[in-house]
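Visitor: sequence isn't available, so here's the structure alone:
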């Protein structure tokens, strides 16, 4: 585990540097443009690094299904019926060994451009994370870039068998794929059950002739739908990969891991291929839909050759967290616990004191939990569907970044208050930034490529975000220190404020976040137990408030209230040398 504070900056690569402001709904690549890997210049990377970022997650760099025609470069076209949006979903991979041609200036040398980008990121003092999408692939998956001797996924499958450990896919016994359930219209559809956690599971079905795409026999759909008739709220553009689990066994779900299923070796080889390109980590999409037995097998092989490579898992079931950490994951999304809680606190639906219960639920694995407030799946804080005002999210940023030693992730645009309220095309006005369309995100365009036009409130928010993340970098009490939750003796502030201590060596941080719209004049008590636990002595000391630079005298005595004022939608971080 890292001894420094890991701060991940997620970048949706296609959108990040696009400066074409046409913004035509359902626009093509030619009309709306696309960001390029070469746009990540040393200056841009320096500005990212200056925020305290140490890892960049480049989302959507592996070639995926698109409606853009690249056949002149020998890249197979994808049928529009099984592509979501003009640009396509980055989670419908068409070639695990290739780079998305949209991102290249010279399509024929797209891998060279990617390798050069990885090198520039490393030279800028940061590490590179890319997506690994293990659970499903695009319906028309076909690798044209696989290394010599590698067999393609499904190349040797027996399509007459619903299930076999030798097959990479599941088949529907000779039945053709029936897309008639993908009805016409442009209505937002929310999937049920576990699917609701991700924007890639929110479908805006396009108008098309449903019988023109042929697939015989039908392959099972990516969200564990084993019939030949996926519906519009299924991941109908993807097919499920087979890791040795028979989901339709006569006796119920059964596991067949001996001998090792064919898919295990092929997918592990893909991980090793990218690790060999200098990748420092993998964000593993829907990791919980792939058995832990595979992850234990694969992560062991990757880390044997590349011991520094990290694995971040998208796992939503808290009951499974420890199983996936045991299978080799370094970090897991803390979505259902911490994210959901802080979102509710920001929106006034829960008390700030409830944050205590969330960290306690994962206290034994706290260093493995990845905190975040936005990502490509979630609604933007400033959107009408979340808080409606980016400033309201800042106390959540303060808590998520400084509460523990674990990593924190920031989604590009969050620091500028991006609202995600555009209606881009396939992705409607839902508070998310599209992952399906060609688009220009104005806050990012201004923030990185036209800073003279950045708005005053955008700059102010960015500087606030930066200040907290640099504290996390520079203060040993955050990156390595102990945490002490103060809420059990400060229940009088628990509705809208949250307070805790961080300590390392002789340095103490007193941190209070104010989620309220009003300035809070509070009396904060530090109990005797905290003095004993953190080995502190009663004393009058000078404290420096790190967010403002102001100094004040604090009477640091056990069980004696300390008066302090915390600005609205803000916080205080008092640093004391004991």
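Guide: Sure, I can see it. Quick caveat: nothing in here was measured; it's all calculated off a predicted structure. Residues are numbered from 1 along each chain as shown.

Visitor: for residue 250, give me the pLDDT.
Guide: Here, the pLDDT recorded for residue 250 equals 75.

Visitor: count of neighbours near it?
Guide: By other CB atoms under 10 Å, 6 other residues sit near residue 250. Any C-beta I mention is one placed from the backbone N, CA and C, and that applies to glycine too.

Visitor: contact partners for residue 225?
Guide: 234-235, 240 (CB atoms under 8 Å, 6 or more residues apart in numbering).

Visitor: in a markdown table: the residues you listed, plus pLDDT.
Guide: Formatted as a markdown table, the contacts of residue 225 follow (pLDDT from 0 to 100):
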| residue | pLDDT |
| --- | --- |
| 234 | 96 |
| 235 | 97 |
| 240 | 98 |
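
Visitor: surely residue 126 touches residue 52?
Guide: No: assessed by CB atoms under 8 Å, residue 126 is found out of contact with residue 52, at 10.6 Å.

Visitor: so the residue most central in space within the chain versus residue 432, what's the distance?
Guide: Computing the C-alpha centroid of the chain and ranking residues by CA atoms, centre = their mean puts residue 375 first, at 4.8 Å. Here the distance between residue 375 and residue 432 works out to 10 Å (CB to CB, to the nearest Å).

Visitor: same deal with residue 22?
Guide: On the measure of CB to CB, residue 22 and residue 432 end up 21 Å apart.

Visitor: so after the helix ranked longest in the chain, what's the next helix or strand?
Guide: Ranked by number of residues, the top helix in the chain under DSSP state H is helix 456-474. Tracing the chain C-terminally past helix 456-474 and defining elements by DSSP states H and E, one meets helix 476-479 next.

Visitor: contact partners of that next one?
Guide: Contacts of helix 476-479 (CB under 8 Å, 6+ apart): 3-5, 401-402, 405, 471-473, 502-505, 507-509.

Visitor: of the residues you listed, closest to residue 91?
Guide: residue 401 (27.5 Å; CB to CB).

Visitor: does that closest one sit in a helix, a strand or a coil?
Guide: helix (DSSP: H, G, I helix; E, B strand; the rest coil).

Visitor: how about it, what does it touch?
Guide: Here residue 401 is in contact with 7, 371, 408, 468-469, 471-472, 478 (criterion: CB under 8 Å, 6+ apart).

Visitor: separation between it and residue 559?
Guide: Taken as CB to CB, the span from residue 401 to residue 559 is 29 Å.

Visitor: tell me the buried residues in stretch 514-533?
Guide: By 16 or more other CB atoms under 10 Å, the buried positions in stretch 514-533 come out as 514-516, 520, 522, 524-526, 530-531.

Visitor: now stretch 259-268, how far from the centre of its chain.
Guide: Computed by CA atoms, centre = their mean, to the nearest Å, the chain-centroid distance of stretch 259-268 equals 26 Å.

Visitor: ah, wrong one, I meant stretch 400-408
Guide: Counting by CA atoms, centre = their mean, stretch 400-408 comes out at 15 Å from the chain centroid.

Visitor: name the element residue 409 belongs to?
Guide: Using DSSP H and E, the element containing residue 409 is strand 408-411.

Visitor: likewise for residue 174?
Guide: Counting by DSSP H and E, residue 174 is found in no helix or strand.

Visitor: next one: the one 4 residues further on
Guide: In this structure, residue 178 is located outside every helix and strand according to DSSP H and E.

Visitor: in the stretch 301-450 of the chain, what residue spans correspond to helices?
Guide: In the stretch 301-450 of the chain, the helices defined using DSSP state H, counting those that start in this stretch lie at 321-326, 340-346, 355-361, 394-402, 442-444.

Visitor: counting by contacts, list what the third one packs against.
Guide: Just to be clear, that refers to helix 355-361. helix 340-346 (3 or more CB pairs under 8 Å, 6 or more residues apart in numbering; DSSP states H and E).

Visitor: next: the second one.
Guide: With contacts defined as 3+ CB pairs under 8 Å, 6+ apart, helix 340-346 has these neighbours: helix 355-361, helix 394-402.

Visitor: just give me the neighbour total for residue 74.
Guide: Around residue 74 there are 10 residues (other CB under 10 Å).

Visitor: I'd guessed it sits against residue 144; true?
Guide: Yes: if you go by CB under 8 Å, residue 74 and residue 144 touch, sitting 6.3 Å apart.
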